[in-house]
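Novice: Just a sequence and a predicted model for now, questions to come.
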Amino acid sequence: MEQVRVQARGIDQNVLVAGPADGPPVLMIHGNCSSADFWRPLLGHLPPNLRIVAPDLRGYGATDAAPVDATRGLRDFADDVAALLDAPELFPAGAKPLVVAHSMGCGVAMQLLVDHPDRVGALLLEAPLSPYGFGGTRDLDGTPTTADFAGTGAGTANPDFVARLAAKDRGGDEPTSPRTVMRTAYVADPASLGDDEELLLDTVLSTVIGDDNYPGTSVASANWPGVGPGDRGVLNTMAPNHFRIAEALVAVPNKPHITWVRGDRDAIVSDTSLFDLSYLGSLGFVPGWPGAEASPPQPMVGQTRAVFDRYEAAGGGYREVVYAGCGHSPHLERPAEFVAELLDLVGPA
């Protein structure tokens, strides 16, 4: 791969590029606390004829640490990515790439589809963020648990994990170290990281820390657990007051096919997510949980399926693929199967 610097929307974006300029275009969008290099282990499994374009999102990798306006949901990221579609050094004019995305990046991809429906050929969504955001909703319709969306956003980040990210901690003995979190939450089996573990840890540690980036700002709440989402920074972009894309996704006029892949042991995006304070409260790990009636865990997978069912009923199509014994990163844990889904969407060579 080569690294290309692209000036767009006032920031300098770092983009990894591979394959011939006229090859079938594939745009790859990474998730939170990672970078475009998180895709590198997959590239050796892909045929060389594909045109791979994988940007570092703002505040990750080698892209500028521009501020993230959380009131726009994930649109700051999506607008940055959309600008790359018209960069002639990356794509031919009018390209409609297959968009492959992971975790938070899937929310960016959904926003890209909503805002630019004529520029997306198909979607391969890996462990996608719910269309109703992360945390703070109680049912398949995305009904808020509280009026102020308490228990979501930047205030839910573990402060020791944030401090260790800022310190570029490469240790693996503490449960909140970035390496431990990667080994236990990004994958179901840490052995699947293999020889790429240090590279992948580099992507996690590339995360820019601060109020304008990760995790962002928070506000006090009168509701449990006493904190609500602020208006700046990454985790607030996914709070359900800022990111609620379900209706717009169902209503998009051009509906490309969506393939949704996930692992049945995903610890992050799950109906029993270990990153959802309501679920942690139900386990006794967050004090004062007010109970399942007041603060139920978010049914993340169920919400996504319900929205995709509506997308299909409105004229689109989707397929859900579940890998047994797999965690949050199927492209690392099941690369051959993941590539088969990718090539099925690219179509004949």
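Specialist: Perfect, thanks for sending it.

Novice: can you give me the end-to-end distance of stretch 53-70?
Specialist: 25 Å (CA to CA, to the nearest Å).

Novice: For the lengthiest helix in the chain, buried residues please.
Specialist: Longest helix in the chain, counting residues (DSSP state H): helix 300-313. Neighbour-count burial for helix 300-313 flags 300-301, 303-308, 310-312 (criterion: 16 or more other CB atoms under 10 Å). Placement of C-beta: from N, CA and C, glycine included.

Novice: And stretch 317-334, by the same measure?
Specialist: With the criterion 16+ other CB under 10 Å, stretch 317-334 contains buried residues 318, 321, 323, 326-334.

Novice: Likewise for stretch 106-115?
Specialist: Here stretch 106-115 shows 106-114 as buried, counting by 16+ other CB under 10 Å.

Novice: now stretch 271-279
Specialist: 272-273, 275-279.

Novice: and which of those residues is nearest to Q13?
Specialist: Nearest to Q13 among the buried residues of stretch 271-279 is F275, at 27.5 Å by CB to CB.

Novice: Which residue is the nearest non-sequential neighbour of L280?
Specialist: Among residues not flanking L280 along the chain, V286 sits closest, at 4.7 Å (CB to CB, 6 or more residues apart in numbering).

Novice: wait, what's in contact with the one you found?
Specialist: 225, 277, 280 (CB atoms under 8 Å, 6 or more residues apart in numbering).

Novice: Spell out for me which residue occupies the centre of this protein.
Specialist: M104 (1.6 Å; CA atoms, centre = their mean).

Novice: measure S206 to A65 for me?
Specialist: S206 sits 10 Å away from A65, going by CB to CB, to the nearest Å.

Novice: So those two - more neighbours on which side?
Specialist: S206 (21 against 16; other CB atoms under 10 Å).

Novice: how about the more buried one, phi and psi?
Specialist: phi -80, psi -10 (degrees, to the nearest 10).

Novice: quick one: the helices in this structure?
Specialist: 40-43, 75-84, 104-115, 159-166, 178-181, 197-205, 234-237, 246-251, 277-282, 300-313, 330-333, 335-346.

Novice: Would you format these as TSV with distance to D141 and mean pLDDT included?
Specialist: Shown next, in TSV, are the helices of the chain (distance: least, CB to CB, whole Å; pLDDT from 0 to 100):
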stretch	distance to D141	mean pLDDT
helix 40-43	35	96
helix 75-84	23	97
helix 104-115	17	98
helix 159-166	32	98
helix 178-181	31	98
helix 197-205	34	98
helix 234-237	21	98
helix 246-251	9	98
helix 277-282	17	97
helix 300-313	8	98
helix 330-333	28	98
helix 335-346	29	97
